[in-house]
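In: this is a predicted model, with the sequence first.
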Amino acid sequence: MAGQGGYRPADEPAVAVDVTVPSIARAYDAVLGGKDNYAADRAVADQLRRTMPAIGELAWSNRAILGRTVRHLAAEAGIRQFLDLGAGLPTMENTHQVAQRHAPAARVVYIDNDPIVLAHGRALLEENDRTAVVTADLRAPEAVLADPGVRRLIDLSEPVAVLLVGMLHHLHDDEDPAGLVDAYMSAVPPGSHLVVTHFCDTGPDARELQETFLRFLGTGRFRTTAEIAAYFDGLDMLPPGLVPLPLWRPDTPVEEPLSTARRLMAGGVGRKP
Ligand SMILES: C[S@@+](CC[C@H](N)C(=O)[O-])C[C@H]1O[C@@H](n2cnc3c(N)ncnc32)[C@H](O)[C@@H]1O
């Protein structure tokens with residue numbers, strides 16, 4: 001749980017970070033209503049809320065689909081290894097909690113390049129010897145996949161779930177997100193799965209929010225459905241395909257039409273044949 005434990009004074013970082021510069025992980029935590037964030041991050045969250053008052057709903061829809069996809073992969077698809085790329089700060093229903101509830105032997109490695117994720121994540125996420133938090137830049141797939149912390153838990157000869165949840169839109173086009181997805185999915189065997197959720201260009205509201213993200217956080221690309229679908233090239237999409245987040249196998253009936261905020265991200269799961 002974000003901020004759990006009260007082990008540091010309110011506005012003092014646990015690791016050496018520049019708290020005057022907002023970070024993606026901490027701004028997201030602020031939008032989710034967590035406590036692992038500082039004034040600069042809360043200022044970004046405020047700006048985002050000014051542009052899209054229901055942005056918190058969008059963020060929580062993202063956490064919810066993460067839980068539903070991981071549950072499906074662990075409980076029904078037989079996946080026992082999860083590589084959570086751009087994992088973020090711990091919050092409710094983290095990947096290992098969901099996966100290990102349904103498959104106690106499941107192994108989970110969280111990757112993030114924000115040192116604060118490691119600092120706050122270790123205590124909460126490394127609850128057992130089947131989970132690990134590794135600080136690494138996911139834009140270097142070879143280094144990530146060769147990291148001893150990854151190799152200890154992830155066997156690349158067995159199917160892996162590669163999670164890029166709420167992550168790829170924080171990469172600019174010139175960082176080649178599609179090439180990165182391809183590098184990870186090429187390294188894992190058939191039967192592996194890819195989970196992607198992504199900001200979706202649904203029209204003027206999306207573009208306005210993109211402006212706010214780019215101006216105040218520096219990243220946040222709202223890509224078209226076709227661009228997001230292309231990340232799954234070569235994979236078999238699981239039904240219902242790439243859809244607005246609340247529509248991916250909802251646990252309870254979803255009221256439609258969806259609100260503008262709930263349509264601003266799309267997600268899906270693909271299986272490597
Ligand atoms: C919006 S958060 C998503 C967290 C979580 N996956 C979720 O959906 O709830 C995106 C995360 O990606 C991380 N991130 C951004 N760029 C990264 C990079 N190049 N390498 C590793 N992590 C990165 C950020 O630090 C942040 O924690």
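Out: Yes, it's here. Quantities reported herein were computed from a predicted structural model and do not represent experimental measurements. Numbers count the residues shown, from 1 in each chain.
In: straight-line length of stretch 261-273, end to end?
Out: 34 Å (C-alpha to C-alpha, to the nearest Å).
In: what do you get for stretch 47-64?
Out: Stretch 47-64 stretches 24 Å from its first residue to its last (C-alpha to C-alpha).
In: buried residues in that stretch?
Out: Buried positions in stretch 47-64, judged by neighbour count with 16 or more other C-beta atoms under 10 Å: 47-48, 51-52, 55-56, 58-64. From N, CA and C alone the C-beta is placed, and that goes for glycine too.
In: mean confidence score for it?
Out: Stretch 47-64 comes out with an average pLDDT of 97.
In: what's the answer for stretch 19-26, then?
Out: The pLDDT scores in stretch 19-26 average 95.
In: are it and the ligand in contact anywhere?
Out: Yes - using C-beta under 6 Å from any ligand atom, we find that stretch 19-26 touches the ligand at 24-25.
In: buried residues in that stretch?
Out: Neighbour counts using 16+ other C-beta under 10 Å place 19, 22-26 of stretch 19-26 among the buried residues.
In: need these in a markdown table with secondary structure, can you?
Out: Formatted as a markdown table, the buried residues of stretch 19-26 follow (DSSP: H, G, I helix; E, B strand; the rest coil):
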| residue | secondary structure |
| --- | --- |
| 19 | coil |
| 22 | coil |
| 23 | coil |
| 24 | helix |
| 25 | helix |
| 26 | helix |
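In: before we move on, back to that, what is the nearest of the buried residues of stretch 47-64 to residue 117?
Out: Nearest to residue 117 among those: residue 63, at 15.4 Å, using C-beta to C-beta.
In: you'd agree the closest one is up against residue 33?
Out: No - here residue 63 lies out of contact with residue 33, judged by C-beta atoms under 8 Å, at a distance of 11.1 Å.
In: state the phi and psi torsions of the residue in the stretch 101-250 of the chain positioned nearest to the ligand.
Out: Nearest residue of the stretch 101-250 of the chain to the ligand: residue 166, at 3.2 Å (C-beta to the nearest ligand atom). When read as degrees, to the nearest 10, the backbone of residue 166 gives phi 60, psi 30.
In: okay, now it: neighbour count?
Out: Neighbours of residue 166 under the rule other C-beta atoms under 10 Å: 25.
In: ditto for residue 113
Out: Under the neighbour criterion other C-beta under 10 Å, residue 113 is assigned a count of 17.
In: contacting residues around the spatially closest residue to residue 271 that is not a sequence neighbour?
Out: Distances taken as C-beta to C-beta, 6 or more residues apart in numbering place residue 236 nearest to residue 271, at 4.8 Å, with adjacent residues excluded. By C-beta atoms under 8 Å, 6 or more residues apart in numbering, residue 236 lies in contact with 270-273.
In: among those residues, who's most crowded?
Out: Going by other C-beta under 10 Å, residue 270 tops the contacts of residue 236 with 24 neighbours.
In: host element of that residue?
Out: Using DSSP states H and E, the element containing residue 270 is strand 265-271.
In: what's that strand packed up against?
Out: helix 55-75, strand 193-199, helix 225-230, strand 236-237, strand 243-244 (3 or more C-beta pairs under 8 Å, 6 or more residues apart in numbering; DSSP states H and E).
In: model confidence over stretch 233-250, on average?
Out: The average pLDDT within stretch 233-250 is 98.
In: follow-up on the earlier one: nearest to residue 243, of the buried residues of stretch 47-64?
Out: For the buried residues of stretch 47-64, the residue nearest residue 243 by C-beta to C-beta is residue 61; the value is 11.5 Å.
In: right, and that closest one touches residue 263 too?
Out: No - at 9.9 Å, residue 61 does not count as touching residue 263 under the criterion of C-beta under 8 Å.
In: contacts only, for the nearest residue to residue 23 once chain neighbours are set aside.
Out: Among residues not flanking residue 23 along the chain, residue 114 sits closest, at 5.4 Å (C-beta to C-beta, 6+ apart). If you count contacts by C-beta under 8 Å, 6+ apart, residue 114 has them with 17, 23-26, 135.
In: can you give me the buried ones in the helix or strand bottoming out on mean pLDDT in the chain?
Out: Comparing helices and strands within the chain by mean pLDDT, DSSP states H and E singles out helix 115-125 as the least confident, with a mean of 83. Buried residues in helix 115-125, counted by 16+ other C-beta under 10 Å: 115-121, 124-125.
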